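Participant: Mind folding the following:
(chains A and B)
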Protein chains: 2
Amino acid sequence: MVSGNLIIGQSGGATAVINASLVGAVEAALADTRIAGIYGMHYGIAGLLQEDFIDLRQQDAGLWPQLLHTPSAALGSCRYKLQEQDIERALDIFRRYDIRYLLYIGGNDSADTAHRLAQAAHHTGYEFYAISIPKTIDNDLPFTDHCPGYGSAARFIAAAAQDSTMNTLSMPGHYPVKIIETMGRNAGWLAAASTLGKHDEADAPHIVLIPEQAFHKERFLTQVEEAYRRYGYVVIVASEALRNENGEALGATAQAGVDAFQHPLLSGTAQTLVELIKQQLNLRARFDKPGDFQRMSSQYVSPTDRQEAYLVGQKALEAALRGESDKMVTLVRHDTPTYHCTTGLVELGEIANVQRLIPDAYFDASTAMVTRAFHTYAQPLIGEPLPRYARLDTTKVISL
Amino acid sequence: MVSGNLIIGQSGGATAVINASLVGAVEAALADTRIAGIYGMHYGIAGLLQEDFIDLRQQDAGLWPQLLHTPSAALGSCRYKLQEQDIERALDIFRRYDIRYLLYIGGNDSADTAHRLAQAAHHTGYEFYAISIPKTIDNDLPFTDHCPGYGSAARFIAAAAQDSTMNTLSMPGHYPVKIIETMGRNAGWLAAASTLGKHDEADAPHIVLIPEQAFHKERFLTQVEEAYRRYGYVVIVASEALRNENGEALGATAQAGVDAFQHPLLSGTAQTLVELIKQQLNLRARFDKPGDFQRMSSQYVSPTDRQEAYLVGQKALEAALRGESDKMVTLVRHDTPTYHCTTGLVELGEIANVQRLIPDAYFDASTAMVTRAFHTYAQPLIGEPLPRYARLDTTKVISL
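Facilitator: Alright, predicted model coming up:
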């Protein structure tokens, strides 16, 4: 294998464990004499194109263990779609800096970036090894059992649903309907994860709305009404993007009026559902929207997720040093009694533009609820099961 | 002291530690032979009026330590304003059930309820001891240094602001403005708490909007613009209710149009600010609204808060058994080098309808930021300081 410099970047939406992948890769690189300089792209591929590199050999030794517990992308991230003219420029930079190894931590677009750079280097005969490291809370990369970042965000959402429900339960008559809006524009993996603290049918959440399923207004209202009749309250978890049968977005940006300050009003998915329920069912409803907190909460990190994020970083560097290129590291689950994952590799050319949605086996559209198979899949990813809260025996005192 | 039965209730919005107050009171009652039956009001005073009592002596012994770590009101809560005709009914129920002691865990309204029942019993010559136990994430009860429930919600909000900011920092150009909406309709204590992970001026949040200060649109936009120019991103924390100089609510319910489903659109404070910033400053902005999760997150409980919630419950029972009545337990902070609180008592008649807002010494309206005095006040309440995250040394690699 050629000796040379390594460059690492982080891309797309950050997660609570994306730095663990960075640490895994850097610690492996520090231990191998074939790697000379270890550079970090400052703000992803955009930083690379500006030759904005951070020297990762010059960091305090105490930094790496600390970064394992630091959410967000320490190198800085970007959402930049590589243009044709960028590729030549990148190759020129690789040559000038003697960069022979590239590791890029990200989702689908980042895999595409790494793929195009690897292909271009190959065609020009420049010896270069590019490996993609999976990362996304959306869990929508194909060929990997799951994506680092998902387990922690899933743990957060499951806990948020459970704790927010505890609030509703304290006074069910006050706001009997609660909506929780999760991230997920095309795939419902995070919304589905809200059920991971649910043990039986009566437990919240009662209705899960995912982008993979068309939103049917009448069916939804019937389900809300029925859950309310049965349980006296309803908790609904909705992905941020839902579309009706005609593909029209629910709660899309609609310049539909102005507020007291003469600014147009917009409406999100949760707000739209709140209004729908108020208007059509005459029930008080309100929503929680944890937003970016769900991808970044250091308190809810799944230790399994952190450890796997570290592992895929480490294995990516090892693969590059074995001469692998144009591949993404995957997580491979083994069919063992207790959860066990190792890593594999997949061609980057097969990843690009393939999005892994929730399969039919994991979701029952007729009841708007995940299946047991989904729980079997997702439960190990969040680490320890969520705490089960104590409940009073509410047997009434009989009048004297 | 008269022997008899004790009744305990929980009222108003639940918190992550309101059950700790219940446990403190019950464990003290179980240890005293003057207390015969220990009853819980099922859903607060509304349950009392329906004679819906839970027998707290019949609970599994293992329950109480578990309840210490269970968020939300285990007895069930209510928001019910005591009517004149209810008082006579309540007294009749106290006599029939030989209830001599009442502990009511709640905020301002609950203090008023306990006060009116204590007064009525006194006037009819019925020997009866009523003590109120403070509880509110809003921290707006007078005469007590702070309110149990606030420390944990404050810890959550401080961590949410810090973690959500980490996300913005990973890609400042993507959504340079972040709004976080906190609870607090009249008092800005929770919004103020968002600064407890802030160490210097450049750290987020940069602007805090509290209900105590009139919202000046132009000043606000100037502040956002300036922070953006200085730091390249802006984090704004806003209480859910803000009013302009004329007392008009920002983002008030305004039936100002309809969405794709023909339902009227409403706008909350955060959404309104997002639109304002987009329209007037042409900056991309988005919001997080943790909602009920902020009052209920078991992972963010401040151990100090939990311990004090237990303490006020215990001390309330002890006070009643000493013959105190018509009083609320308070937390009294001592002027010692390390944080130290004990308890006191205050007349309930002095509490009713008095709301403790953020004093001028804790907030600088001209910079929309808390003062150092606020930090000194609030920091000990959230328990351990928040973690300080690692940062890379971003010294650039020089081109070869």
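Participant: which residues touch the most centrally placed residue in chain A?
Facilitator: Centroid check for chain A by CA atoms, centre = their mean gives residue A:137 as the closest residue, at 0.5 Å. Residues counted as contacts of residue A:137 (CB atoms under 8 Å, 6 or more residues apart in numbering or on different chains) are A:13, A:15, A:147, A:149-150, A:152-153, A:183, A:190, A:294-295. Every C-beta, even on glycine, is put in place using the N, C-alpha and C of the backbone.
Participant: next one: residue A:101
Facilitator: A:4-7, A:35, A:128-130, A:317, A:320-321 are the contacts of residue A:101 under CB under 8 Å, 6+ apart.
Participant: farthest pair in the contacts of residue A:137?
Facilitator: Pairwise distances across the contacts of residue A:137 peak at 14.8 Å for A:147 and A:294 (criterion: CB to CB).
Participant: higher neighbour count, these two?
Facilitator: Applying other CB atoms under 10 Å in any protein chain shown to residue A:147 and residue A:294 shows that residue A:294 carries more neighbours, namely 30 against 27.
Participant: part of a helix, is the more buried one?
Facilitator: Yes: residue state for residue A:294 (DSSP: H, G, I helix; E, B strand; the rest coil) corresponds to a helix.
Participant: Now do residue A:366 against chain B, distance only.
Facilitator: Distance, residue A:366 to chain B, using CB to the nearest CB, to the nearest Å: 22 Å.
Participant: so is the residue nearest to the centre of chain A in a helix, a strand, or just coil?
Facilitator: Put simply, residue A:137 is coil when judged by three-state DSSP.
Participant: backbone phi and psi for it, please?
Facilitator: phi -70, psi -20 (degrees, to the nearest 10).
Participant: Need the distance between the two termini of stretch A:94-109.
Facilitator: Using CA to CA, to the nearest Å, the end-to-end distance of stretch A:94-109 comes out at 20 Å.
Participant: circling back to that earlier point, helices - which of the contacts of residue A:101 land there?
Facilitator: Using DSSP state H to define helices, the subset of the contacts of residue A:101 located there is A:317, A:320-321.
Participant: got a winner among those for most neighbours?
Facilitator: Counting neighbours by other CB under 10 Å, the top entry in the ones in helices among the contacts of residue A:101 is residue A:317, with 28 neighbours.
Participant: Just give the nearest non-adjacent residue to that one, would you?
Facilitator: residue A:28 (4.1 Å; CB to CB, 6 or more residues apart in numbering or on different chains).
Participant: OK, contacts around that neighbour?
Facilitator: A:313-314, A:317-318.
Participant: Which single one of the residues you listed is nearest to chain B?
Facilitator: Among the contacts of residue A:28, residue A:313 lies closest to chain B (CB to the nearest CB), at 15.3 Å.
Participant: isn't the closest one right next to residue A:22, touching?
Facilitator: Yes: in terms of CB atoms under 8 Å, residue A:313 counts as a neighbour of residue A:22; the distance is 6.3 Å.
Participant: what's the overlap in contacts for the two?
Facilitator: residue A:105.
Participant: And residue A:252, what's its pLDDT?
Facilitator: Residue A:252 is assigned a predicted lDDT (pLDDT) of 59.
Participant: any idea which helix or strand carries the residue nearest to residue A:317?
Facilitator: Assigned by DSSP states H and E, residue A:28 belongs to helix A:18-30.
Participant: what do you get for residue A:121?
Facilitator: Per DSSP H and E: residue A:121 is located in helix A:108-123.
Participant: Show me how far that helix is from its chain's centre.
Facilitator: 22 Å (CA atoms, centre = their mean, to the nearest Å).
Participant: Give me the packing partners of that helix, helices and strands only.
Facilitator: If you count contacts as 3 or more CB pairs under 8 Å, 6 or more residues apart in numbering or on different chains; DSSP states H and E, helix A:108-123 packs onto helix A:44-49, helix A:84-96, strand A:99-106, strand A:129-134.
Participant: mind checking the SS state of residue A:328?
Facilitator: Per three-state DSSP, residue A:328 ends up strand.
Participant: quick one: the helices in the stretch 301-400 of chain A?
Facilitator: A:303-321, A:372-378 (DSSP state H, counting those that start in this stretch).
Participant: what's the shortest one in contact with?
Facilitator: Counting contacts by CB under 8 Å, 6+ apart, the residues outside helix A:372-378 that touch it are A:146, A:154, A:192-193, A:195-196, A:358, A:361-363.
Participant: Quick check: which ranges of chain A have low pLDDT?
Facilitator: Low-confidence segments of chain A, defined by pLDDT under 70: A:252-267, A:399-400.
Participant: now do 80
Facilitator: Chain A contains residues with pLDDT under 80 at A:1, A:251-267, A:352-353, A:399-400.
Participant: Break it down into its domains, please.
Facilitator: A:4-149+A:301-350, A:152-298+A:359-382 (automatic domain parsing).
Participant: What about the contacts of helix A:372-378, which are in strands?
Facilitator: Members of the contacts of helix A:372-378 lying in strands (criterion: DSSP state E): residue A:363.
Participant: Give me every residue in the stretch 301-400 of chain A lying close to chain B.
Facilitator: Contact residues (CB under 8 Å from any CB of the partner chain) of the stretch 301-400 of chain A with chain B: A:387, A:389-397, A:399-400.
Participant: go on, the stretch 51-200 of chain A?
Facilitator: Within reach of chain B by CB under 8 Å from any CB, the stretch 51-200 of chain A has these residues: A:51-56, A:58-60, A:63, A:66-67, A:69-79, A:96-98, A:159-160, A:163-164, A:166-171, A:173-174, A:178.
Participant: If we use 6 Å, what do you get?
Facilitator: Counting by CB under 6 Å from any CB of the partner chain, the residues of the stretch 51-200 of chain A close to chain B are A:53-55, A:59, A:63, A:66-67, A:70-74, A:77, A:97, A:160, A:163-164, A:166-167, A:170-171.
Participant: circling back to that earlier point, would you convert the helices and strands packed on helix A:108-123 into TSV that also reports distance to residue B:346?
Facilitator: Converted to TSV, these look like this (distance: least, CB to CB, whole Å):
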stretch	distance to residue B:346
helix A:44-49	57
helix A:84-96	68
strand A:99-106	56
strand A:129-134	58
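Participant: Quick one: buried ones out of the residues of the stretch 51-200 of chain A next to chain B?
Facilitator: Neighbour-count burial (16 or more other CB atoms under 10 Å in any protein chain shown) applied to those gives A:53-55, A:59, A:63, A:66-67, A:70-74, A:77, A:97, A:160, A:163-164, A:166-167, A:170-171.
Participant: Of those, which belong to helices?
Facilitator: Using DSSP H, these in helices are A:63, A:66-67, A:160, A:163-164, A:166-167, A:170.
Participant: Verify the stated contact: residue A:355 with residue A:141.
Facilitator: No: at 8.1 Å, residue A:355 and residue A:141 do not qualify as touching, with contact defined as CB atoms under 6 Å.
Participant: Can you list phi and psi of residue A:274 for me?
Facilitator: According to degrees, to the nearest 10, residue A:274 has phi -60, psi -50.
Participant: swap that for residue A:238, please
Facilitator: phi -130, psi 130.
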